[in-house]
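Undergrad: Can you look at this prediction? I've put the sequence above it.
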Amino acid sequence: MMNFLVKTIANAGALAVAVWLLDKITLTGDSTGKKIGTLIIVALIFGLVNFLVKPVVKLLSLPLLILTLGLFTLIVNALMLLLTSWLADQLDLSFHVEGFWTAVLGGLIISVVSWALNVVLPDKD
């Protein structure tokens, strides 16, 4: 349970950095508390999408992953971020990613920051 909490906090932090760095990834809210709550819910959705959908997409795109020496993973990460944005919109959350190339850059930022936070944060279960 602790590992799940740490990974969710790392995802929320990575999403916050992407929102802060990119103008076309937006998170709106009335107060800081509401923004943090929205960010945590979006991090949970993002984790769920990465857990359920991403392995299937990677398996189906395995030839492209091999052909591009793994660079197609950036496209897969962008698609997962766009799917998260769409799901957040369906749930009336104030998180939105505007455009595919923004999602590619956002996915790259989220991957790097999430990796760094997972290195720093404890990994206990």
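TA: Cool, the structure landed.

Undergrad: all strands for the protein, in order.
TA: Ranges of strands in the chain, per DSSP state E, are 25-27, 95-97.

Undergrad: what's the most buried one of those?
TA: strand 95-97 (a mean of 21; mean count of other Cβ atoms under 10 Å). Glycine gets a C-beta too; all of them are placed from N, C-alpha and C.

Undergrad: Now do that strand: everything it contacts.
TA: 15, 19, 24-27, 38-39, 42, 81-82, 84-85, 88-89, 103, 106 (Cβ atoms under 8 Å, 6 or more residues apart in numbering).

Undergrad: Whichever of those residues end up buried, select them in PyMOL.
TA: Restricted to buried positions by 16 or more other Cβ atoms under 10 Å, the PyMOL selection for the contacts of strand 95-97 reads:
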select buried, resi 15+19+25+27+38+39+42+81+82+84+85+88+103+106
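
Undergrad: Just the ones of the contacts of strand 95-97 in helices?
TA: 15, 19, 38-39, 42, 81-82, 84-85, 88-89, 103, 106 (DSSP state H).

Undergrad: Mind putting those into a markdown table with pLDDT?
TA: Formatted as a markdown table, the ones in helices among the contacts of strand 95-97 follow (pLDDT from 0 to 100):
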| residue | pLDDT |
| --- | --- |
| L15 | 94 |
| V19 | 95 |
| T38 | 93 |
| L39 | 93 |
| V42 | 95 |
| L81 | 96 |
| L82 | 96 |
| T84 | 96 |
| S85 | 96 |
| A88 | 95 |
| D89 | 95 |
| A103 | 96 |
| G106 | 95 |
